[in-house]
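S.K.: Here is a sequence with its predicted model. Questions after.
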Amino acid sequence: MAKKKIRVRAKLKGNVVEVKALMSHPMETGLRKDKKTGKKIPAHFIKEVVAEHKGNKVIVAHWGVAISKNPYIAFKFTGAAKGDTLKVSWEDNMGESASAEVKIG
């Protein structure tokens, strides 16, 4: 996989932080065939997404093959302040991972 990237935005509105994240990942199901070789493309998908604020997990998502390529996730949580750091990370079924940190605006 060429790029392991997460783009994250986190904005504080009142006392609620709205988070939006876009992840670069091929998300292969293991059911498609390579058009040139006719062989199945191995399954390659994000299995877990975690968002952390001040060392506490605010969301843990367990994913499988049913999620589309370059997945997008949006969620909200409370208990943060402007300027705090939010870390979003993923790990896939092949042991690859990526993470990104963003200051809450």
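M.R.: Okay, I see it. Numbers count the residues shown, from 1 in each chain.
S.K.: My guess is E52 contacts V58. True?
M.R.: Yes. The pair E52 / V58 is scored as a contact, 6.8 Å apart, by C-beta atoms under 8 Å. Where you see a C-beta, it was placed from the backbone N, CA and C, and this is true even at glycine.
S.K.: neighbour count winner among these two?
M.R.: Using other C-beta atoms under 10 Å, the more surrounded residue of E52 and V58 is V58, with 20 against 17.
S.K.: what's the helix or strand for K57?
M.R.: Assessed by DSSP states H and E, K57 sits inside strand 56-62.
S.K.: Tell me which strands whatever helix or strand comes next after that strand pairs with, and in which orientation.
M.R.: On the C-terminal side of strand 56-62, the nearest following helix or strand under DSSP H and E is strand 72-78. Partner strands and pairing direction for strand 72-78 (DSSP bridges) are strand 16-24 (antiparallel).
S.K.: how distant is the strand it pairs with from the center of its chain?
M.R.: 9 Å (C-alpha atoms, centre = their mean, to the nearest Å).
S.K.: got the angle for it vs strand 56-62?
M.R.: Counting by axes from the mean of the first three to the mean of the last three C-alpha atoms, to 10 degrees, strand 16-24 points 40 degrees away from the direction of strand 56-62.
S.K.: Need the contact partners of strand 16-24.
M.R.: By C-beta atoms under 8 Å, 6 or more residues apart in numbering, the residues outside strand 16-24 that reach it are 3-11, 46, 49, 51, 53, 70-78, 80, 86, 88, 90, 98, 100, 104.
S.K.: Of those residues, grab the buried ones for ChimeraX.
M.R.: The buried residues among those can be selected in ChimeraX (16 or more other C-beta atoms under 10 Å) with this line:
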select :6,8,10,46,49,51,53,71,73,77,80,86,88,90,98,100,104
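S.K.: Which strands and helices lie in contact with the strand holding K57?
M.R.: Counting by 3 or more C-beta pairs under 8 Å, 6 or more residues apart in numbering; DSSP states H and E, the packing neighbours recorded for strand 56-62 are strand 46-53, strand 72-78.
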